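Enquirer: Quick one, fold the following:
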Amino acid sequence: MTKWLIEYLPRIGNISIIIESSQGKKIHIDAIDLDGIHAKVGGEPIRIPFAAKVTLIYNKEEEETLCSQEFNEVAHFKLQYSDLSTNKNSISLMNDDLNWKWSKKELLAMKNFSFGCIDCGNVIFESDDNCRKLNIMPSEFWAELMDNWHCHKPSENNDSEGNNLNASFLKYSQLKPNNFEILIGNSFFICNSATLNSKVIIDSKLNIVGCKNCNSIIGEINQDKLCQIFKWKLLLNGEDKYPIYKHVISQILNIVDSTSSRHILLQIEDSTEQIYIWAFSINTMVAATNYVECNNSIKILYKDFEDDADLNFQIKNTNVEKIITKLDAFKAFVEYLSESNSNLPSTVKTWGKWKVSYLPI
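Expert: Sure thing, here's the model as predicted:
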C-alpha cells in the first residue's frame, strides 16, 4: 500500500511531501497542478490531492527536474507556495464554537432537530419541545476559570449590617440556564433537570443521568447540580453520531488554551491507565493516506509507559497538566491515535521515542 503525507509549513511557506511505496516499488512524479501531485508508483498512476487551494512558486525547469527523477521507495521533497486558501478557524477559549460538531450555528441552521439516546432512540432534546433556546459554553473548564477570574472572593457571608457579600459572586460563578435552554459545550450539552422532565432518570446519589427508556447512562450531574449530557451518547435526527475521541481533543485544546501547557498526562477516570501526550502543533494543515483535505488538525506526539522506562522522570521535570477522562473516550482516542499513526509513511511515524499522529479538530 502506498502511504503519503502532505504537511503545510506556513511559517516558511513550504509544503513538505512524503510518498512511500511498498515492496520496493519505484516512484515517479509525472506532474504537479492545482489538483495535486500526479505520480506513478510501480507503474500504477496515483493522484495525491492537496489539502487546500495553493498558489505554488516554481518554474518549469524546477518541475522538469523533479519529474525527471525516479525515487526508490520514498520520495521526499518540498514545494514553495505564496498563497493558501482554507476554511481554517483558530481555536480559542472564547470562540464562537464554529469549530465543533453540533454547534449553535449548525443546529440553528437546521431549524428542526432532535437528539435521541444512541442506544434506543428515545428523544432527549427536540427543537420544538424542550430545546427552545441555545447558548454557547465558553469552555469545558468553566468552573475552574470562574474560580481563577474572581481573585478577591468575599471571606464573610455577611457584613456588619447583615448584607450578603457573597450574593454577587454566587450569581456569576454558577451556571443557571432557564427552563428549555440548552448550553452547548464542545462535547456536551448542559440544562436544568426541568428541561429534561420525564425523558431521563436522574440518580442524585451517583450523580448520573440515564435514558428513561433503556437506562443507558447518557450524562452526569455537575457541581452546579445541572444535567451534563454527553454528545457521544446521542444521535442527531436519528443518524448522525458525535465521534467520541473529539471529547478528548476538546479537553486537550482547553488545557492548551487556558494554561498554555502542551504536555499532558491523559488518564482514565478511577484508573491508573494513562498515556503521555505532547500537543506539538495546533491548527496544522495536513493531507495523508485515508485522511484527505483536513484544514484544521492537531499534531500529537505520544508515549505510553511501556515504551519509555524514563517517562516518570521526564514528567517530574516537565510542566505537565493532567486530564481525567471517561473510559470509553480514552479508549476511542487511543485507538484513533494508533489508526492515524498506522496511515503515515514509516519515516514520519516516530520522532525519537515519540509516536506521531494527526487528528482532525
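Enquirer: can you give me the helices in the stretch 51-200 of the chain?
Expert: If DSSP state H, counting those that start in this stretch is used as the criterion, the helices of the stretch 51-200 of the chain fall at 60-67, 104-110, 142-149, 167-173, 193-196.
Enquirer: meant to ask about the stretch 201-350 of the chain
Expert: Along the stretch 201-350 of the chain, the segments classed as helices by DSSP H, counting those that start in this stretch run 245-259, 311-316, 327-342.
Enquirer: tell me the most buried of these?
Expert: Of all the helices of the stretch 201-350 of the chain, helix 245-259 carries the top mean neighbour count, a mean of 21, counting by mean count of other C-beta atoms under 10 Å. Using the backbone N, CA and C atoms, a C-beta is placed for each residue, glycine as well.
Enquirer: what's that one packed up against?
Expert: Under the contact criterion of 3 or more C-beta pairs under 8 Å, 6 or more residues apart in numbering; DSSP states H and E, the helices and strands touching helix 245-259 comprise strand 263-268, strand 274-288, strand 291-304, strand 320-325, helix 327-342.
Enquirer: chain center to that helix, what's the gap?
Expert: Centroid separation for helix 245-259 versus its chain: 7 Å, with C-alpha atoms, centre = their mean, to the nearest Å.
Enquirer: Stretch 218-238 too?
Expert: Using C-alpha atoms, centre = their mean, the mean C-alpha position of stretch 218-238 is found 18 Å from that of the whole chain.
Enquirer: Give the rounded mean pLDDT of it.
Expert: Looking at stretch 218-238 alone, the average pLDDT works out to 95.
Enquirer: First-to-last residue distance for that stretch?
Expert: With C-alpha to C-alpha, to the nearest Å as the measure, the ends of stretch 218-238 fall 16 Å from one another.
Enquirer: what do you get for stretch 111-131?
Expert: Distance between the boundary residues of stretch 111-131 (C-alpha to C-alpha) amounts to 11 Å.
Enquirer: avg pLDDT for it?
Expert: Here stretch 111-131 scores 95 as its mean pLDDT.
Enquirer: Quick one: distance of that stretch to the chain centre.
Expert: Using C-alpha atoms, centre = their mean, the distance between the centre of stretch 111-131 and that of its chain works out at 24 Å.
Enquirer: contact partners of it?
Expert: 107, 110, 180, 182, 189, 195-197, 199-200, 211-214, 216, 218, 229, 232-238, 241 (C-beta atoms under 8 Å, 6 or more residues apart in numbering).
Enquirer: Can you flag the buried ones in the residues you listed?
Expert: Buried residues within the contacts of stretch 111-131, counting neighbours by 16 or more other C-beta atoms under 10 Å: 107, 180, 182, 189, 195-196, 199-200, 211-213, 218, 229, 232-236.
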